[in-house]
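> A predicted structure for the sequence below; I have some questions about it.
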Amino acid sequence: MLTAKNLTKKYGDYIALHNLNLTIEAGEIFALLGQNGAGKTTTINCFLGFIEPSSGQANIDNISVTQNTAETKKYLAYIPETVMLYGNLTGIENLEFFSQLAGFRYSREELSGFLSKAGLQTTAHSQRVGGYSKGMRQKVGIAIAIAKKAKVLLLDEPTSGLDPKASNEFSEILKELSLRGTAILMATHDIFRAKEVAHRIGIMKEGHLVSVIDSRDISATELEQLYLQTV
């Protein structure tokens with residue numbers, strides 16, 4: 001579902017991303033670890049079509065993002081560190097608005113069902129988002145992905161600032177989406193969450209993908225040691 005082929009991004013003499021080669025299958029969760037500036041967000045922005053690579057290709061379902069940005073956006077959903085929603089609208093109203101932007105129209109019952117699937121308590125569905133916690137906003141973001149029938153989910157530091165309970169709930173939702181066949185690319189600093197959720201984990205340094213590990217083959221302590229040795 002996600003393929004990077006020699007993906008490179010330069011800003012003058014600075015190389016933010018250097019010949020990245022990566023494939024993420026349907027139903028796979030891939031976590032990118034690395035310090036700030038390692039190239040994690042640049043990778044995600046190339047798949048989103050927010051920035052154009054200097055060379056190489058970013059493909060979604062074998063479609064070039066650069067050549068078909070509008071087409072590839074139909075397949076994906078994006079949850080940044082802070083989900084941008086309309087604070088004066090309710091959870092259902094936000095979901096309805098973003099679903100319609102993607103070309104989907106649902107009944108109020110269906111919209112409420114998506115929010116419940118994303119783990120948002122029923123009492124919050126008709127409350128204004130301005131009063132939501134960060135974890136609640138993340139769940140609306142997940143509901144938008146479900147409503148869009150997204151094949152790909154891109155996440156940039158999704159658990160940053162979440163308390164342990166909210167972070168665990170978010171992880172369980174990602175696992176459910178994975179079981180439904182969603183390909184998930186997650187940039188994170190959270191080593192424990194990466195080990196718990198991801199099928200594979202990549203470690204980035206100065207624009208290079210220096211290690212790719214199967215999460216079943218390493219403990220959280222070993223992953224932390226490898227990460228510290230790498231960065």
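Great, that's in hand.

> Now do the SS call for the one residue sitting closest to the centre of the chain.
By Cα atoms, centre = their mean, the chain has its centre lying nearest to Leu155, at 1.9 Å. Classification of Leu155 using DSSP: H, G, I helix; E, B strand; the rest coil returns strand.

> In contact with it, which residues?
With contact taken as Cβ atoms under 8 Å, 6 or more residues apart in numbering, Leu155 is in contact with 44, 78-79, 174, 184-188. In this view, the C-beta of every residue, glycine as well, is placed from N, C-alpha and C.

> if you count residues, which helix in this protein comes out on top?
For the chain, the helix with the greatest residue count under DSSP state H is helix 164-179.

> what element comes up after that one heading to the C-terminus?
Per DSSP states H and E, the first helix or strand lying C-terminal to helix 164-179 is strand 183-187.

> between the contacts of Leu155, which is nearest Leu17?
Checking the contacts of Leu155 against Leu17 with Cβ to Cβ, the nearest one is Ile44 at 10.6 Å.

> Asn88 touches Gly131, doesn't it?
No - assessed by Cβ atoms under 8 Å, Asn88 is found out of contact with Gly131, at 10.7 Å.

> Would you mind giving the contacts of Leu155 as JSON lines with distance to Asn168 added?
Output for these, formatted as JSON lines (distance: Cβ to Cβ, whole Å):
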{"residue": "Ile44", "distance to Asn168": "23"}
{"residue": "Tyr78", "distance to Asn168": "22"}
{"residue": "Ile79", "distance to Asn168": "17"}
{"residue": "Leu174", "distance to Asn168": "11"}
{"residue": "Ile184", "distance to Asn168": "17"}
{"residue": "Leu185", "distance to Asn168": "20"}
{"residue": "Met186", "distance to Asn168": "15"}
{"residue": "Ala187", "distance to Asn168": "19"}
{"residue": "Thr188", "distance to Asn168": "14"}
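
> tell me which of these is nearest to Thr123?
Of all the contacts of Leu155, Ile79 has the smallest distance to Thr123: 22.7 Å, by Cβ to Cβ.

> now for the helix or strand containing Ile201, which elements pack on it?
Using DSSP H and E, Ile201 sits in strand 200-205. Judged by 3 or more Cβ pairs under 8 Å, 6 or more residues apart in numbering; DSSP states H and E, the packing partners of strand 200-205 are strand 29-33, strand 208-214, helix 220-230.

> tell me the helices in the protein, going along the chain?
Using DSSP H, helices in the chain cover 40-48, 69-73, 91-101, 108-117, 134-147, 164-179, 191-197, 220-230.
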